[in-house]
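> generate a structure from the sequence data that follows.
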Amino acid sequence: MDKKITKFIIELISPFRIRILVITICMIAVSFLSILYPMLQRVLFDDGITHGNMKTVIHYTGLIMCIYIVEQILSYIQFGCYQIINKQISFKLMYQAVEHSIKLKMSYHKDNNFLKIIGNVQSDVTSISQIVNNGLLQIILSFFKITGGIIGLCIIDWRLTLFVLTIAPFEMISKNFISSKKQNYFKNYMKINEKFSIWFGEIFKSIEVIKLWNLQSKRMEEFELLKKELINCEKKMEYSDNYANISSQTLGMIFTHGVNLLGAMLITHNQLTIGGLFAFISYSSYVLQPVSILTNLIYRLKASIPAFKRYMEYFDNEIECEEGISLNDIGKGIENIVFDNVVFGYDDKKPIFRTINMSISKGEKVGFIGKNGSGKSTIISLLLRFFETTSGTIKLNGIDIQNIALSEYRSLFCVMNQNISLFDDTIKNNINILDNLSEDEISYYLNLATATEFVEDLPMGVDSLVGFNGGKISGGERQKIALARALAKRGNILILDEATANFDLVAETKFNQYLMECCLYDIIIVISHREDILKRLDNIFYIDNGVIVDSGSFDELMERHNNLYQILTQEDKV
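From the prediction side, this is the model:
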């Protein structure tokens, strides 16, 4: 087995070493007791039943029953410990994966489909937990049973023992060969299953497009092709399992008839009793069954190696750095934000920003304008540390933002994104995310976002469900709830990215008035093309083709750039 996988399994089970020790002790005891069965049955049969000695029959029958009761008690203790390990390992694997997913850099989420990620993780966790949970116990139990079985076989007859030990390696060789084939099939299965997960994600994300363009037939053809590929892979894996079963059954048949034949020859020559043959067959099962279990385990483990590797490789993806300077060490409040020669690109291609230099000071209300794709929202993503600059630095109070503790840094920002994301929950719970607001405070922020009227008209008010990503309410209503949530965070910097794009004129004017009179934030940043709000801002940065072309008041920019009004009106319509 791969050293990394071995290390991974050891680290996974190490927290449960005490319970594993208890299970091991129980298994040793149960294995020792079970080894006594054939010997006691041999005496029961040869000295009791064959000679009609009822005293011996009763004595050994009672002894066997007592051993059975003790064995069941130990097995129950072993089962209880096993169940705890079983559930906690599955939980731990999934917890680690989900936690890592949340910590991953935004660049990873940008490049990967969510359903593919979660589908891969769930599939891998299922494969790993089945192998680790069952495999660990089977190895321990099989080791003791094989050892005890071989000792019992040697006591009865060394010739039959050699025959049994000759059969066992053949099963291991055949299973090893078949498992190598299945491993390749499973790799291919994982790739196709990943494509299938992506396909499902696209279906539900684009359901309106599919309906409007009548793409149902085309999508079902794609489904049929992908599903057939999966079925073919599953067939190959199932055939491999069938070949493995046939191999085991064939070797079992050879063993059974071989032992019967050799045993009959020894009994005929008075070198073995009938009770001894029964005991030998029982001990043989202690050797061959565990060998079969181990070979099956190795077979399944080899087939699951791709799942182990993919799960471990997932944790190689870079996560966000949480550590850094505390906000307590950089002074109270926000004095300024400075972009110093910032260059950024998502990949090695042409950068989105060639060189960005700008400064925003405490008390300022500033805006960003420019064509679609000019980089306005990307500036916000860089400021929020969703992405890192290719070169240059962004500084907060003179300190590189990459050096500030991430959770503390992001707590500074109240953000209303252009792409709204609501939880499938009530309006109240979508606003009161941290569960730290009173009913009056929720009402206050709904009023600020001009959402009070439509919420009060709903049958359940703030307890109304918004549906999946706000599907039960209109676009403007979704925007108002998201705005109320942003305002309720109470950070130092308010960022509004097209926050009122779907507002009616009255609601937009009312909110803009509040925004201009608001003194709760050190800095307010607005991305908008609405003239009403732009005219009220202290400073506006005009971005074009990854460069800040100009900055100034609305009137100054309009005077210096003849095409600016056309850009604003076109973007506003979009």
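
> any chance you could map the strands in this protein?
336-344, 353-361, 365-369, 391-396, 399-400, 413-416, 493-497, 523-527, 539-544, 547-552 (DSSP state E).

> my guess is Lys365 meets Asp538, correct?
Yes: Lys365 is within contact range of Asp538, at 5.1 Å (criterion: CB atoms under 8 Å). C-beta coordinates here come from the backbone N, C-alpha and C atoms, glycine included.

> returning to what we had before: what's the closest of the strands of the chain to Tyr311?
Closest to Tyr311 of those, according to CB to CB: strand 336-344, at 32.0 Å.

> wait, which of the strands of the chain is closest to Met94?
strand 413-416 (29.4 Å).

> what's in contact with that closest one?
By CB atoms under 8 Å, 6 or more residues apart in numbering, the surrounding residues in contact with strand 413-416 are 380, 383-384, 482-483, 486-487, 489-497, 499, 521.

> stretch 451-468 too?
With CB under 8 Å, 6+ apart as the criterion, stretch 451-468 contacts 422-428, 430-431, 442-443, 446, 472-473, 477-478, 480-481, 483-484.

> can you say which of those are buried?
Using 16 or more other CB atoms under 10 Å as the burial test, those include 422, 426-428, 430-431, 442-443, 446, 473, 477-478, 480-481, 483-484 as buried.

> just those now: which is nearest Val343?
Leu483 (32.3 Å).

> once you drop chain neighbours, what's closest to that closest one?
Leaving aside its sequence neighbours, Leu483 sits nearest to Ala449 (CB to CB, 6 or more residues apart in numbering; 4.1 Å).

> again with Met106
Phe386 (4.0 Å).

> and the gap between the one you found and Phe554?
28 Å (CB to CB, to the nearest Å).

> what is the burial count for Ile192?
18 (other CB atoms under 10 Å).

> please name the nearest non-neighbouring residue to it.
That would be Glu229: by CB to CB, 6+ apart, it lies 4.8 Å from Ile192.

> the one you found contacts Asn193, correct?
No: in this structure Glu229 lies outside contact range of Asn193 using CB under 8 Å: 9.5 Å.

> how about the residue nearest to Met106, phi and psi?
phi -70, psi -30 (degrees, to the nearest 10).

> might one say that it is in contact with Leu104?
No: counting by CB under 8 Å, Phe386 stays clear of Leu104, with 11.3 Å between them.

> so where's the stretch 51-200 of the chain uncertain?
For the stretch 51-200 of the chain, applying pLDDT under 70 flags the ranges 113, 115, 130-161, 163-165, 167-168, 171-172, 174-180.

> residues touching the residue nearest to Leu483, list them.
Lys480, Ile481, Leu483, Ala484, Leu487, Phe511.

> burial check on the nearest residue to Lys376 once chain neighbours are set aside, number of neighbours?
Counting by CB to CB, 6+ apart, Lys376 lies nearest to Phe368, which is 4.4 Å off, once chain neighbours are set aside. When counting by other CB under 10 Å, one arrives at 22 neighbours for Phe368.

> Phe368: what's it in contact with?
Phe368 neighbours (CB under 8 Å, 6+ apart): Lys376, Ile379, Ile525, Val526, Ile527, Ile540, Phe541, Ile543.

> could I get the residues you listed as a markdown table with neighbour count, distance to Tyr189 and pLDDT?
Shown next, in a markdown table, are the contacts of Phe368 (neighbours: other CB atoms under 10 Å; distance: CB to CB, whole Å; pLDDT from 0 to 100):
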| residue | neighbour count | distance to Tyr189 | pLDDT |
| --- | --- | --- | --- |
| Lys376 | 22 | 44 | 85 |
| Ile379 | 25 | 44 | 90 |
| Ile525 | 24 | 48 | 94 |
| Val526 | 25 | 50 | 93 |
| Ile527 | 22 | 45 | 91 |
| Ile540 | 23 | 55 | 92 |
| Phe541 | 22 | 52 | 92 |
| Ile543 | 23 | 47 | 89 |
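
> any chance of these in TSV, plus distance to Asn112?
Converted to TSV, those look like this (distance: CB to CB, whole Å):
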residue	distance to Asn112
Lys376	25
Ile379	24
Ile525	29
Val526	31
Ile527	26
Ile540	36
Phe541	32
Ile543	28
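
> can you tell me which of the residues you listed comes closest to Glu202?
Lys376 (27.6 Å).

> so that closest one makes contact with Ser528?
No: contact criterion CB under 8 Å: Lys376 and Ser528 do not qualify, at 9.6 Å.

> mutual contacts of those two, please.
With CB under 8 Å, 6+ apart as the test, Lys376 and Ser528 both reach Ile369.

> what is the least confident helix or strand in this structure?
The least trusted helix or strand in the chain, going by mean pLDDT, DSSP states H and E, turns out to be helix 564-573, with a mean of 62.

> so where's the stretch 201-350 of the chain uncertain?
Across the stretch 201-350 of the chain (using pLDDT under 70), the flagged ranges come out as 201, 204-205, 208, 212, 248, 252, 255-256, 273-303, 331-332, 347-350.

> residues contacting Trp199?
Here Trp199 is in contact with Glu222, Phe223, Leu226 (CB under 8 Å, 6+ apart).

> select only the buried ones of those residues in PyMOL?
Applying 16+ other CB under 10 Å to the contacts of Trp199, the buried members can be selected in PyMOL as follows:
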select buried, resi 222+226
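
> export the contacts of Trp199 to CSV and tack on distance to Gly345?
Formatted as CSV, the contacts of Trp199 follow (distance: CB to CB, whole Å):
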residue, distance to Gly345
Glu222, 33
Phe223, 37
Leu226, 34
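
> of all the contacts of Trp199, which comes closest to Gln122?
Checking the contacts of Trp199 one by one against Gln122 (CB to CB), the nearest turns out to be Leu226, at 18.1 Å.

> name the nearest residue to the closest one, ignoring sequence neighbours.
The nearest residue in space to Leu226 (CB to CB, 6+ apart) is Phe196, at 5.1 Å.

> how many neighbours does the one you found have?
Neighbours around Phe196, by other CB under 10 Å: 19.

> how much space separates Leu448 from Glu498?
Taken as CB to CB, the span from Leu448 to Glu498 is 18 Å.

> now do Ser127
Distance, Ser127 to Glu498, using CB to CB: 44 Å.

> OK, contacts around Gly375?
Ile352, Phe353, Ile543, Gly546.

> now it: phi and psi?
phi 120, psi 10.

> so what's it scoring on pLDDT?
Per-residue pLDDT puts Gly375 at 82.

> now the one 10 residues further on
Arg385 is assigned a predicted lDDT (pLDDT) of 91.

> settle this for me: it is touching Leu412, isn't it.
No: shown here, Arg385 and Leu412 do not form a contact pair, counting by CB under 8 Å, at 10.9 Å.

> just the pLDDT at the nearest residue to Glu323 once chain neighbours are set aside, thanks.
Spatial nearest neighbour of Glu323, chain neighbours left out: Ala405 (6.4 Å); criterion: CB to CB, 6+ apart. Model confidence at Ala405, given as pLDDT, is 90.

> could we number from 11 for the rest of this?
Understood, numbering begins at 11; the last thing we discussed is Ala415.

> could you pull out the helices for the stretch 111-260 of the chain?
For the stretch 111-260 of the chain, the helices defined by DSSP state H, counting those that start in this stretch cover 116-121, 124-166, 168-215, 217-222, 226-278.

> give me the buried positions along stretch 231-240.
Applying 16+ other CB under 10 Å to stretch 231-240 flags Glu232, Leu236, Glu239, Leu240 as buried.

> between those, which is closest to Leu172?
Distance to Leu172, by CB to CB, is smallest for Leu240 among the buried residues of stretch 231-240, at 46.7 Å.

> excluding chain neighbours, what is closest to the closest one?
Ile202 (5.4 Å).

> what's the distance between Arg488 and Ser474?
Per CB to CB, Arg488 is found 13 Å from Ser474.
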